[in-house]
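> I'll drop the sequence and a predicted model, then ask my questions.
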Amino acid sequence: MKPRITDTTLRDGSHAVSHSFSPEQVREIVGRLDEAGVPVIEVSHGAGLFGSTIQQGFSVHPELDLIKAAVETAKNSKIASLFVPGIGTSEELRKAAEIGISAIRIAVHCTEADLTEQYFRLAKELGLEAVGFLMMSHMQPASVLAEQAKLMESYGADCVYVVDSAGALVPTGVRERVSALKEAVSIEIGFHAHNNLGLAIGNSITALEAGADQIDGTLRGLGAGAGNAPTETLVAALNKMEVDTGINLAVLMDVAEDVVAPIMPGPIVIDRDNLLSGYAGVYNSFLLHVRHGAEKFGVSPAEIMEELGKRQATAGQEDWILDVAVELAEKKGLKV
Ligand SMILES: CC[C@H](O)CC(=O)C(=O)O
Ligand SMILES: [Mn+2]
């Protein structure tokens with residue numbers, strides 16, 4: 001079977017450029033991804049629709065303008081957006097649908113599928129393809145994720161993703177989780193990798209071997225924290241394995257090199273903070289806030305990561321980062 005690739009450079013990658021994508025950049029990237037034959041392109045603030053806030057980081061350009069630019073540019077690719085209940089509301093979902101997105105990916109912590117029912121129902125009413133995202137999937141065993149996937153299926157999801165938000169999964173963990181979901185539901189299963197342990201491509205291939213139907217990537221791996229599986233590398237590896245994605249690798253390599261690389265503030269590397277984040281199982285989107293808190297209160301990002309990992313912080317608990325930084329500083333007798 002042909003895996004369906006979703007490129008989320010213009011959503012997950014938005015974190016890595018401080019949500020500064022312009023409508024012109026969106027047109028250029030979407031145009032080239034569409035030419036390459038990438039089936040789905042995700043566009044929104046990194047934290048999903050309406051994510052432009054003081055907590056998540058403000059967008060430089062209104063995200064609805066970016067979505068409009070994408071919809072106007074794509075000839076064949078579907079344009080998707082991400083939606084996190086509690087960050088976005090039904091109103092933003094309706095607006096994005098009016099602009100012309102074809103798919104919405106609804107993301108919640110991996111034990112909170114019950115929060116998604118009204119949004120899956122609304123997505124279906126609006127005629128959208130609806131995909132569920134079980135974030136921080138390393139935190140729960142396969143059996144729990146399978147139950148959550150069943151709930152999403154019952155609400156109308158067309159696909160459920162195992163989302164390795166912290167880049168903390170190793171191949172055995174990916175295989176167990178994807179296989180369990182494949183057995184539990186009859187809709188498609190997806191996998192979204194982060195590269196904290198250097199396993200984004202390997203884990204994505206393991207997911208496919210375990211039966212995943214949909215896989216995410218970003219050009220040059222541009223994404224939150226340690227970034228994602230680079231779409232061009234993923235397609236190259238799949239070509240070598242004789243797995244047909246229907247995507248033109250040459251066009252993909254060109255857009256990665258000529259368009260995305262020059263926009264990046266620097267290459268995405270697995271530095272100490274990113275590695276520790278994956279090792280401790282901390283949500284990748286926390287990285288920039290952790291660095292900020294560490295600098296402000298004179299403690300190290302590593303100490304904050306370790307403590308957040310111990311506390312099992314989940315997406316949405318960004319306010320813990322400064323609390324932890326202050327507590328660590330106080331313990332050291334630093335002035336806060
Ligand atoms: C805000 C949603 C979230 O960042 C989705 C995602 O890409 C992940 O959890 O890795
Ligand atoms: Mn992600």
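Perfect, I can see it now. Keep in mind that this is a model prediction, so the values were computed, not measured. Ligands and ions are numbered 1, 2, ... in the order given.

> residues touching the closest residue to ligand 1 within the chain, list them.
Using Cβ to the nearest ligand atom, the closest approach of the chain to ligand 1 is made by Ser165 at 3.1 Å. Using the backbone N, CA and C atoms, a C-beta is placed for each residue, glycine as well. Contact partners of Ser165, counting by Cβ atoms under 8 Å, 6 or more residues apart in numbering, are Met135, Met136, Ser137, His192, His194, Tyr283, Asn284, Ser285, Ala315.

> Does it belong to a helix, a strand or coil?
State at Ser165, reduced to three classes by DSSP: H, G, I helix; E, B strand; the rest coil: coil.

> Over to Val108?
Val108 is classified as strand under three-state DSSP.

> How about it, nearest residue that isn't a chain neighbour?
The shortest distance from Val108 to any non-neighbouring residue, by Cβ to Cβ, 6 or more residues apart in numbering, is to Leu115 (5.2 Å).

> how about the one you found, phi and psi?
phi -80, psi -10 (degrees, to the nearest 10).

> What of Phe191?
According to degrees, to the nearest 10, Phe191 has phi -140, psi 130.

> so what's Leu128 closest to, chain neighbours aside?
Per Cβ to Cβ, 6+ apart, closest to Leu128 is Ile104, 5.0 Å.

> tell me what the helix or strand encompassing that neighbour is packed against?
Taking DSSP states H and E as the definition, one finds Ile104 inside strand 103-109. Under the contact criterion of 3 or more Cβ pairs under 8 Å, 6 or more residues apart in numbering; DSSP states H and E, strand 103-109 touches strand 78-83, helix 90-99, helix 117-125, strand 129-135.

> swap the cut-off to 6 Å and go again
The contact analysis (3 or more Cβ pairs under 6 Å, 6 or more residues apart in numbering; DSSP states H and E) places strand 103-109 against strand 78-83, strand 129-135.

> quick one, the helix or strand following the longest one and strand 103-109 angle?
Think strand 129-135. Later in the chain than strand 129-135, the nearest helix or strand by DSSP H and E is helix 142-155. Angle, helix 142-155 to strand 103-109, by axes from the mean of the first three to the mean of the last three Cα atoms, to 10 degrees: 140 degrees.

> Export the helices and strands packed on strand 103-109 to a markdown table and append columns for distance to ligand 1, mean pLDDT and mean neighbour count.
Output for those, formatted as a markdown table (distance: least, Cβ to the nearest ligand atom, whole Å; pLDDT from 0 to 100; neighbours: other Cβ atoms under 10 Å):
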| stretch | distance to ligand 1 | mean pLDDT | mean neighbour count |
| --- | --- | --- | --- |
| strand 78-83 | 6 | 98 | 26 |
| strand 129-135 | 4 | 98 | 25 |
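
> Now for the nearest residue to Ser300 once chain neighbours are set aside, how many residues are close by?
Nearest residue to Ser300, sequence neighbours excluded (Cβ to Cβ, 6+ apart): Ala294, at 5.8 Å. When neighbours are defined as other Cβ atoms under 10 Å, Ala294 has 22 of them.

> list the contacts for Ala294?
For Ala294, the contacting residues are Ser300, Pro301, Ile304, by Cβ atoms under 6 Å, 6 or more residues apart in numbering.

> so it sits in a strand?
No. Read with three-state DSSP, Ala294 is helix and lies in no strand.

> can you tell me how far it sits from Leu288?
11 Å (Cβ to Cβ, to the nearest Å).

> can you list the residues of this structure near ligand 1?
With Cβ under 6 Å from any ligand atom as the criterion, the chain meets ligand 1 at residues 12, 47-48, 82, 84, 107, 133, 135, 163, 165, 192, 194, 285, 315.

> do that again at 5 Å, thanks
Asp12, Ala47, Val84, Ala107, Met135, Val163, Ser165 (Cβ under 5 Å from any ligand atom).
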